[in-house]
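J.: With the input below, show me the fold.
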Amino acid sequence: MVYRIERNFQGLLEHALGEDRICEPAVDIYEAKNSLIIEVELPGVNKEDLELYIITDRLYIRAQRSQESDQEKGRSRSFLCLERECGQYYREIEIAVPCKTSLGKARLENGILTVEFEKVEDRRGQRRDLKVE
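T.: Modelled structure (predicted):
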């Protein structure tokens, strides 16, 4: 929670100074029986504005959220509160569980990106006897 407060305060400061910033979306990572699941909050992001890729057991997420202009919507708006940020999102996530990253599945639904990888048995550190001939 402290991390989120610090992140939001930093965003307000940068916004007040007129600096562009890249938002770091909130992430939940958990294991199911045979899979690793990563859920990322990306409110207002369209599938077309999302880029996912993996390099050496790291998942990279890049996204862009743009606010529709008032003219496009055909109405004028006067915000009383504007908390949902527009702009770029970026997150780099280490995949710390042995997985088949080449067979990952991703879906974007209701502002939540869900990425799922099938886990594999980690053979490092296990004893395997070798037959001597």
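J.: by contact count, what packs against the strand or helix carrying residue 104?
T.: Here residue 104 sits within strand 99-109, counting by DSSP states H and E. Using 3 or more Cβ pairs under 8 Å, 6 or more residues apart in numbering; DSSP states H and E, the elements in contact with strand 99-109 are strand 50-55, strand 112-119. Every residue, glycine included, has its C-beta placed from N, CA and C.
J.: mind putting those in a markdown table, distance to residue 32 and mean pLDDT included?
T.: Putting the helices and strands packed on strand 99-109 into a markdown table (distance: least, Cβ to Cβ, whole Å; pLDDT from 0 to 100) gives the following:
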| stretch | distance to residue 32 | mean pLDDT |
| --- | --- | --- |
| strand 50-55 | 19 | 94 |
| strand 112-119 | 8 | 95 |
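J.: highest average neighbour count across those strands?
T.: Most buried of the helices and strands packed on strand 99-109, by mean neighbour count (mean count of other Cβ atoms under 10 Å): strand 112-119, with a mean of 18.
J.: okay, the angle between that strand and strand 50-55?
T.: 20 degrees (axes from the mean of the first three to the mean of the last three Cα atoms, to 10 degrees).
J.: Counting by contacts, list what strand 112-119 packs against.
T.: Strand 112-119 sits against strand 35-41, strand 50-55, strand 99-109, with contacts defined as 3+ Cβ pairs under 8 Å, 6+ apart.
J.: roughly how far out does the strand holding residue 104 sit from the chain middle?
T.: Chain-centre distance of strand 99-109: 12 Å, with Cα atoms, centre = their mean, to the nearest Å.
J.: Which residues does that strand contact?
T.: Contact with strand 99-109 is made by 35-36, 42, 45, 47, 50, 52, 54, 57, 59, 95, 113-120, as judged by Cβ atoms under 8 Å, 6 or more residues apart in numbering.
J.: in it, what's buried?
T.: Buried positions in strand 99-109, judged by neighbour count with 16 or more other Cβ atoms under 10 Å: 99, 101, 104, 106, 108.
J.: Tell me the one of those nearest residue 77?
T.: Set against residue 77, the nearest of the buried residues of strand 99-109 by Cβ to Cβ is residue 108 (25.6 Å).
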